[in-house]
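K.L.:
Here's a sequence, model it:
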Amino acid sequence: MTAYFIGIDVGTQGVRVVLCDETGHVVGSREAVFPLTESSREEQPPRQWWESGWRCLKTLLDALRNDIHLPDVKAIAVTSTSGTIIPLDEQNEPLHNALMYSDNRPAVEGKMCKAVAEKYHPDGYTGFNASSGLSKMVWFAHQHPDKTARLHTWIHAADYLSGQLSGNFRVTDYTNALKSGYDVKNGVWPAYLFEQLPLKKAWMQDVVPSGKPIGKLLPELATALGLPEITVVAGMTDGCASQVASGAVRPGDWNTTIGTTLVVKGVTTRELKDPEGRLYSHRHPEGYWMPGGASNTGADWVTASFGDRLAELTQAAAERIPSPYIAYPLRQQGERFPFLSAQARGFAPEGLSDADLFTANLEGVAYLERYAYELIEALSGEKVRAIYTAGGASSSDVWLTIRSNVLKRPVYKGAQVSGAVGAAILAASRTHFKTLTEAVQAMTHVEKEVKPSAELMRAYDAGYQQFVSAFREKGYIN
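P.N.:
Now for the predicted structure:
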């Protein structure tokens, strides 16, 4: 008998549903796309998420009905964007559209929440800004006092679908609650939230480890889907779910995702404290810590400048590494990780051919990644043991080779690295397996391992020192 698990990922532009077996094999998937408009970056109707997710779930299971034994489906989990929140009334109906993580209207409230947290709860999370759930709650109270008077529960995006599935809207998980002000170290909603901000404790959810069972699939939904009343577990933010899918869940494991930006997430045994706020820490379901940080630099420059010649330039880069040039392909002013600098700007030597510039940019992002991991080791006092990778950049063999040699470590590319797969693994973690670590060991697989060579490591050591020197000369780092 094979056990199966469902993962649902609700993003800004759509929903994806996957069904995985206990070995991590994706048996089937379905997707639906939401139209992306300027207003949908600020607000979206949660009902749209549920209706789209339900259609995907129903059509997926209908298609698989003759291929698998549906009673062997055991559990379901939902992942979605961090910082997206929804006000519910007493009947668990939305009082307002979801306030999206990308909604910048609460900028003033973000500064207020940060200042209040730094004054009254400096040992907790203080990195609030416009994208944080807490800032949006305060903004909503200021902008919509009439609706706030009828408010019963603040929930997060993943919680809405978990609630629709189970009927339980009063529970969230560590990762979603962090940016709503929850103290993940001490396991409480801090008093300052209700003493200094226009919030009530009664509005806040119970908070549990990601993956903990929170209820059963409602009987009428189970009947409609042809499923037993499977377990619904507490969800997780999409970034953390992708980390789970990559396999990076044990202390010393780290994951780098290079998409539009470079994002690193990993696991430490102790809370990582960064006085400059470049990194912050989620709480691991097993009690460890999950620090992470996001750069303004990534792979956006690839499609913006070289997208129509990618194959040709990738081949040229393979013939040029290691290059003698130092470049930093930041496309906007200002950097947030692994260093803070409002003045930072991208740079490259003048007069380079497209092939040389492309190669130098690949190397520059790898140097930035090494700087990030050196910072992490210095702040945590713990070794970065393994580096897993995901995102569009992980499809480039030459970039993987550069990164492995710059980092002086093997780099592991996962076979199925997506938020929906991470959610399915989370669904299995406390229902079929004993822990998340056990589930990940059984359900994730390395598609490719790239190892460094002595010659390239030596060359890139010298290049990295030049890279750091250039940043010091420009005043970006001390």
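K.L.:
Longest helix in this protein, by number of residues?
P.N.:
If you go by DSSP state H, the chain has its longest helix at helix 354-380.
K.L.:
and the helix or strand just after it, what other elements does it pack with?
P.N.:
Following helix 354-380 in sequence order, the next helix or strand is strand 386-390 (DSSP states H and E). Here strand 386-390 touches helix 238-246, strand 253-258, helix 397-407, strand 411-414, going by 3 or more C-beta pairs under 8 Å, 6 or more residues apart in numbering; DSSP states H and E. Just so you know, the C-beta spots here come from the backbone N, C-alpha and C atoms, and that holds for glycine as well.
K.L.:
could you redo these as a markdown table and give each row mean neighbour count and distance to residue 101?
P.N.:
A markdown table is the format used below for those (neighbours: other C-beta atoms under 10 Å; distance: least, C-beta to C-beta, whole Å):
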| stretch | mean neighbour count | distance to residue 101 |
| --- | --- | --- |
| helix 238-246 | 29 | 10 |
| strand 253-258 | 25 | 17 |
| helix 397-407 | 24 | 28 |
| strand 411-414 | 23 | 25 |
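K.L.:
Reformat the ones you listed as TSV; add mean pLDDT and distance to residue 98.
P.N.:
Output for these, formatted as TSV (pLDDT from 0 to 100; distance: least, C-beta to C-beta, whole Å):
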stretch	mean pLDDT	distance to residue 98
helix 238-246	94	14
strand 253-258	95	24
helix 397-407	98	36
strand 411-414	94	30
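K.L.:
Distance to residue 217 added to these, as TSV?
P.N.:
Formatted as TSV, the helices and strands packed on strand 386-390 follow (distance: least, C-beta to C-beta, whole Å):
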stretch	distance to residue 217
helix 238-246	20
strand 253-258	31
helix 397-407	41
strand 411-414	29
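K.L.:
how about the residue nearest to the spatial centre of the chain, what does it touch?
P.N.:
Central residue of the chain (C-alpha atoms, centre = their mean): residue 239, 1.0 Å from the mean position. The neighbourhood of residue 239, defined by C-beta atoms under 8 Å, 6 or more residues apart in numbering, consists of 82, 263, 265, 292.
K.L.:
Looking at those residues, which is nearest residue 434?
P.N.:
Within the contacts of residue 239, the smallest distance to residue 434 is 23.1 Å, found for residue 265 (C-beta to C-beta).
K.L.:
next one: phi and psi at that closest one?
P.N.:
Main-chain dihedrals, residue 265, degrees, to the nearest 10: phi -140, psi 140.
K.L.:
could you list every residue that touches it?
P.N.:
Residue 265 touches 239-240, 243, 248, 254-255, 257, 290-292, counting by C-beta under 8 Å, 6+ apart.
K.L.:
okay, these in JSON lines with distance to residue 170 next?
P.N.:
Shown next, in JSON lines, are the contacts of residue 265 (distance: C-beta to C-beta, whole Å):
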{"residue": "239", "distance to residue 170": "24"}
{"residue": "240", "distance to residue 170": "21"}
{"residue": "243", "distance to residue 170": "26"}
{"residue": "248", "distance to residue 170": "31"}
{"residue": "254", "distance to residue 170": "34"}
{"residue": "255", "distance to residue 170": "31"}
{"residue": "257", "distance to residue 170": "32"}
{"residue": "290", "distance to residue 170": "24"}
{"residue": "291", "distance to residue 170": "29"}
{"residue": "292", "distance to residue 170": "27"}
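K.L.:
now, among the residues you listed, which is nearest to residue 368?
P.N.:
residue 257 (13.7 Å).
K.L.:
Okay, that closest one and residue 326: tell me how far apart.
P.N.:
Remark: distance between residue 257 and residue 326 (C-beta to C-beta, to the nearest Å) = 24 Å.
K.L.:
same thing with residue 404?
P.N.:
Going from residue 404 to residue 326 by C-beta to C-beta gives 19 Å.
K.L.:
Ok, residue 53 next?
P.N.:
46 Å.
K.L.:
who has more neighbours, those two?
P.N.:
Between residue 53 and residue 326, counted using other C-beta atoms under 10 Å, residue 53 has the larger neighbour count: 24 against 20.
K.L.:
tell me the SS of the more buried one?
P.N.:
Following DSSP: H, G, I helix; E, B strand; the rest coil, we place residue 53 in the helix state.
K.L.:
Pull up the gap between residue 114 and residue 46, please.
P.N.:
Applying C-beta to C-beta, the value for residue 114 to residue 46 is 27 Å.
K.L.:
Show me which of these two is the more surrounded one.
P.N.:
Higher neighbour count among residue 114 and residue 46: residue 46, with 23 against 18, using other C-beta under 10 Å.
K.L.:
Next, the contact list for that one, please.
P.N.:
Applying C-beta under 8 Å, 6+ apart, we find residue 46 in contact with 86, 94, 97-98, 157, 160.
K.L.:
how close does it sit to residue 81?
P.N.:
Distance, residue 46 to residue 81, by C-beta to C-beta: 12 Å.
K.L.:
Between these two, which contacts overlap?
P.N.:
By C-beta under 8 Å, 6+ apart, residue 46 and residue 81 have these common neighbours: residue 157.
K.L.:
for the protein, which spans come out with low pLDDT?
P.N.:
For the chain, no stretch has pLDDT under 70.
K.L.:
the domain parsing of it - what is it?
P.N.:
4-238, 247-473 (automatic domain parsing).
K.L.:
Could you check how far residue 346 is from residue 326?
P.N.:
Computed with C-beta to C-beta, the distance linking residue 346 and residue 326 is 12 Å.
K.L.:
ugh, wrong one, residue 422
P.N.:
36 Å.
K.L.:
same question, residue 407
P.N.:
Counting by C-beta to C-beta, the gap from residue 407 to residue 326 is 17 Å.
K.L.:
ditto for residue 33
P.N.:
For residue 33, the distance to residue 326 equals 41 Å [C-beta to C-beta].
K.L.:
just residue 50 next, same as before
P.N.:
For residue 50 relative to residue 326 (C-beta to C-beta), the value is 50 Å.
K.L.:
And residue 163, by the same measure?
P.N.:
Distance from residue 163 to residue 326, by C-beta to C-beta: 51 Å.
K.L.:
now swap in residue 294 and tell me
P.N.:
Per C-beta to C-beta, residue 294 is found 23 Å from residue 326.
K.L.:
go on, residue 397?
P.N.:
Per C-beta to C-beta, residue 397 is found 23 Å from residue 326.
K.L.:
got it, and residue 333?
P.N.:
Taken as C-beta to C-beta, the span from residue 333 to residue 326 is 19 Å.
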